[in-house]
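**Q** 3D model of this:
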Amino acid sequence: MKAYLFGWNPLKFKWEDIDNDIKKLQATGTFKDNWSAIAHKSIQPGDRAFIVRLGIEPKGIFASGVVSSDPFPAFRQGRHYYRVEVALDVLLNPDKEPILTLDILKAGNLTAQNWTPQASGISIKPDLVEELEALWQDFLLNKGDIGNF
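**A** You can find the predicted model right below:
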């Protein structure tokens, strides 16, 4: 399975309604949003998506989902770029609950991946996807026990 890493920096874009979006996800089982995708030539619907918080602590993965659209062109602040829609299956509020921090992601084999990209929607190295998915699922099962992480 292919997977992509999308970046969110709260210093550049406030997610003021994240708590309401979490409630929508809990109520319906999914929440769709669109994200900038630098890898627009290779990304496809069905690919796995992970969202990483950058800019301020805590930094790390706080959301996951599946790409649910083909890339589409967008225009903002005088520049053209591509976006994709992502159907989130997990969304955590990094200011209120634990996330999968960069300290954890920068250990073992996962050090081969850039977890703090300058561009959103970069490819996650194929040989790391399975390990990342296992780590994320384990984190979600045990996030109440912070001592494990």
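**Q** quick one: buried residues of the helix or strand that residue 83 is a member of?
**A** Using DSSP states H and E, residue 83 sits in strand 79-91. Residues of strand 79-91 classed as buried: 81-88, 90-91 (neighbour count, 16 or more other CB atoms under 10 Å). The C-beta positions use only the backbone N, C-alpha and C, and glycine is treated the same way.
**Q** would you put the C-alpha positions of the lowest-mean-pLDDT helix or strand in the chain in PDB?
**A** Using mean pLDDT, DSSP states H and E, the weakest-scoring helix or strand in the chain turns out to be strand 72-76, at a mean of 91. The C-alpha trace of strand 72-76 is given here as PDB (Å, rounded to 0.1, in the frame of the first residue of the first chain):
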ATOM      1  CA  PHE A  72      -7.200  18.600  -8.300                       C
ATOM      2  CA  PRO A  73      -5.700  22.000  -9.100                       C
ATOM      3  CA  ALA A  74      -6.000  24.900  -6.600                       C
ATOM      4  CA  PHE A  75      -4.900  28.500  -6.600                       C
ATOM      5  CA  ARG A  76      -4.100  30.500  -3.500                       C
END
